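Peer 1: sharing a sequence plus its predicted fold:
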Amino acid sequence: MSDELVLLSTREKRALLCRCDLFGRAGPDALDALAAAAELREVETGAVLVRQGAEADALYLLVHGHAEVRLEAGEDEDGVVLDQLGPGALVGEVSVLTDEPRTATVRATDMLVALRLPRAEMLGTLALHPDLAQDIWTSVARRRLEGLLAASHRFAGQGEQARHWLAGGVTPVFVHARSAQILTCPGTLFVVSGQVEAETELGWTCVRGPALLPCVGPVECHARTDAVVAAGPPLSGLSG
C-alpha cells in the first residue's frame with residue numbers, strides 16, 4: 001500500500017464521506033473531524049487491503065477500482081470469494097467499531113484508491129458526537145441481527161424482508177465496562193458487541209457478541225468489557 005496519493009482538502013474528503021450511508025446523517029462538525037483524519041491511499045492490483053484475523057486499525061471507503069472479499073481457508077486451499085466491491089463500498093467498519101479481528105481478507109482486483117479512516121480518530125469523533133454514534137451503532141446492530149437470523153434454522157427460511165423487519169425495531173444501548181444496564185426484553189437479549197453477563201432463561205450466562213439469549217422481562221446486563229446490547233424481538237425456538 002502506498003503513501004497518500006495527493007493532498008485532498010478536508011472539503012473534498014468530506015464530500016466522499018457524506019456519500020457513504022454510514023456517515024450520511026453526520027453533522028457538519030463530525031464530518032469535518034472525520035475528513036481531517038482521513039487519508040487517500042493507493043493499493044496495487046493483487047495487494048491486500050485488510051487481512052483476515054488481523055487487528056482492525058482503520059476502515060476504508062473505496063473511491064476508485066474494485067476488490068474481492070475472500071474467506072481464507074487452510075494453507076493448501078484458496079478460500080471462498082464472498083463478495084465483489086466497487087466504488088462507494090466500506091471495508092472493515094464493523095471490526096473497527098467492535099474491536100474484533102478482521103473476518104475476511106479484502107484484496108484489490110485492479111488499481112484501487114481508498115480513503116483510510118484510522119480507528120482511534122473515528123472512535124474519538126463518535127465519543128464527541130453521541131447522536132452519530134447512536135445512528136451508526138443502530139445500523140450495525142440491525143445488520144448483525146439480520147445476519148444471526150439468516151444463520152438460524154428457525155428464521156433462515158422466512159426471507160430477507162421478514163428478517164429485515166424483525167431487525168428494524170432494534171435500538172442499541174451502550175454499557176461501559178464494569179457497569180450494569182437493565183433492559184426490558186420482549187423475548188431475547190441481543191448482545192451486539194462486547195462481553196456481558198446476564199441472568200436469562202438459561203440462568204446466569206456470560207456471552208460475547210454477536211449473540212442472542214432467550215429472556216423475557218427486565219434483564220440486568222453486567223458488562224465485562226465495553227459492550228453494546230439491545231432488547232431483541234421474541235424469537236422462541238431460535239436455533240442454529
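Peer 2: Nice, thanks for sending it over. Numbering: from 1, shown residues only.

Peer 1: helices or strands up against the helix or strand of the chain with the lowest mean pLDDT?
Peer 2: When each helix and strand of the chain is scored by mean pLDDT, DSSP states H and E, helix 160-167 comes last, with a mean of 82. Packing partners of helix 160-167 (3 or more CB pairs under 8 Å, 6 or more residues apart in numbering; DSSP states H and E): helix 130-151. All C-beta spots, glycine's among them, are computed from the backbone N, C-alpha and C.

Peer 1: hang on, the earlier thing: other residues contacting the least confident helix or strand of the chain?
Peer 2: The contact list for helix 160-167 (CB atoms under 8 Å, 6 or more residues apart in numbering) reads 141, 142, 143, 145, 146, 149, 150, 155, 233.

Peer 1: can you put the residues you listed in TSV and add neighbour count?
Peer 2: Listed next are these as TSV, based on neighbours: other CB atoms under 10 Å:
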residue	neighbour count
141	24
142	21
143	15
145	27
146	19
149	24
150	14
155	20
233	19
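
Peer 1: from these, which is closest to residue 58?
Peer 2: residue 143 (19.6 Å; CB to CB).

Peer 1: residue 226: which of the contacts of helix 160-167 is nearest?
Peer 2: Ranked by distance to residue 226 (CB to CB), those are led by residue 141 at 14.7 Å.

Peer 1: that closest one reaches residue 209, doesn't it?
Peer 2: No: Residue 141 is beyond contact range of residue 209, at 9.5 Å (criterion: CB atoms under 8 Å).

Peer 1: which residue comes closest to residue 193 once chain neighbours are left out?
Peer 2: Taking CB to CB, 6 or more residues apart in numbering, and ignoring the residues beside it in sequence, residue 193 has residue 98 as its nearest neighbour in space, at 4.1 Å.

Peer 1: so how far is residue 49 from that neighbour?
Peer 2: 19 Å (CB to CB, to the nearest Å).

Peer 1: likewise for residue 188?
Peer 2: 35 Å.

Peer 1: same check on residue 144?
Peer 2: From residue 144 to residue 49 the distance is 22 Å (CB to CB).

Peer 1: with residue 88 instead?
Peer 2: Counting by CB to CB, the gap between residue 88 and residue 49 amounts to 15 Å.

Peer 1: can you pick out the residue with more neighbours from those two?
Peer 2: The residue with more neighbours, out of residue 88 and residue 49, is residue 49; 23 against 12, by other CB atoms under 10 Å.

Peer 1: check whether the more buried one sits in a helix, strand or coil.
Peer 2: Remark: residue 49 carries the secondary structure label strand [criterion: DSSP: H, G, I helix; E, B strand; the rest coil].

Peer 1: make sure residue 205 is actually in contact with residue 191.
Peer 2: No: between residue 205 and residue 191 there is no contact under CB under 8 Å: 9.9 Å.

Peer 1: okay, and the common contacts of the two?
Peer 2: Jointly contacting residue 205 and residue 191 under the rule CB under 8 Å, 6+ apart are residue 213.

Peer 1: more crowded one of these two?
Peer 2: Between residue 205 and residue 191, counting by other CB under 10 Å, residue 191 is the more crowded of the two (26 against 17).

Peer 1: where exactly do the helices run in this structure?
Peer 2: In the chain, the helices defined using DSSP state H lie at 10-18, 28-37, 93-98, 119-128, 130-151, 160-167.

Peer 1: a markdown table for these, including distance to residue 224?
Peer 2: Listed next are the helices of the chain as a markdown table, based on distance: least, CB to CB, whole Å:
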| stretch | distance to residue 224 |
| --- | --- |
| helix 10-18 | 33 |
| helix 28-37 | 30 |
| helix 93-98 | 15 |
| helix 119-128 | 19 |
| helix 130-151 | 19 |
| helix 160-167 | 25 |
